[in-house]
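**Student:** attaching a predicted model along with its sequence, questions to come.
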Amino acid sequence: MHVHLRLEGLAVVLHTAGEIDMSTAPVLAAEFASALESATAPAPVVADLSDVTFLSSAGLAVLLTAREQCFTGGTPLRVVATGRPVLRSLEVAGLLELLPVYSTVSAAISA
């Protein structure tokens, strides 16, 4: 798994590629912590999962924790997901009702 943190305007984008599983989820959690330190509310933190090929329950837990941390800090968390493995994991876990999901980073930032 690779995570790249970047700013797009005031939004903080975490572009993640590869598999998010039990061994890589702590890396993603650490990157979310960095993103939240860089975030300026009300600009969003965008989790770009468009290049993620597998999302385990450990990855889902990281997203839920990030959601809570963003909510507490007044920063919106938005998810970009286009691949079936990620969308299916979010759907099965019931997270599509909790996390706003977009098809592009641009759409997530401008929402």
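**Tutor:** Happy to help now that I have it.
**Student:** the helix or strand hosting residue 79 packs against which elements?
**Tutor:** Assigned by DSSP states H and E, residue 79 falls within strand 77-80. Where contact means 3 or more CB pairs under 8 Å, 6 or more residues apart in numbering; DSSP states H and E, strand 77-80 is packed against strand 45-55, helix 57-73, strand 101-102, helix 105-110. Using the backbone N, CA and C atoms, a C-beta is placed for each residue, glycine as well.
**Student:** now the next helix or strand after it: buried residues?
**Tutor:** Moving toward the C-terminus from strand 77-80, the next helix or strand (DSSP H and E) is helix 84-92. By 16 or more other CB atoms under 10 Å, the buried positions in helix 84-92 come out as 86-87, 89-90.
**Student:** looking at the residues you listed, which is nearest residue 61?
**Tutor:** Set against residue 61, the nearest of those by CB to CB is residue 89 (11.5 Å).
**Student:** excluding sequence neighbours, find me the nearest residue to that closest one.
**Tutor:** Nearest non-adjacent residue to residue 89, counting by CB to CB, 6 or more residues apart in numbering: residue 55, 4.2 Å away.
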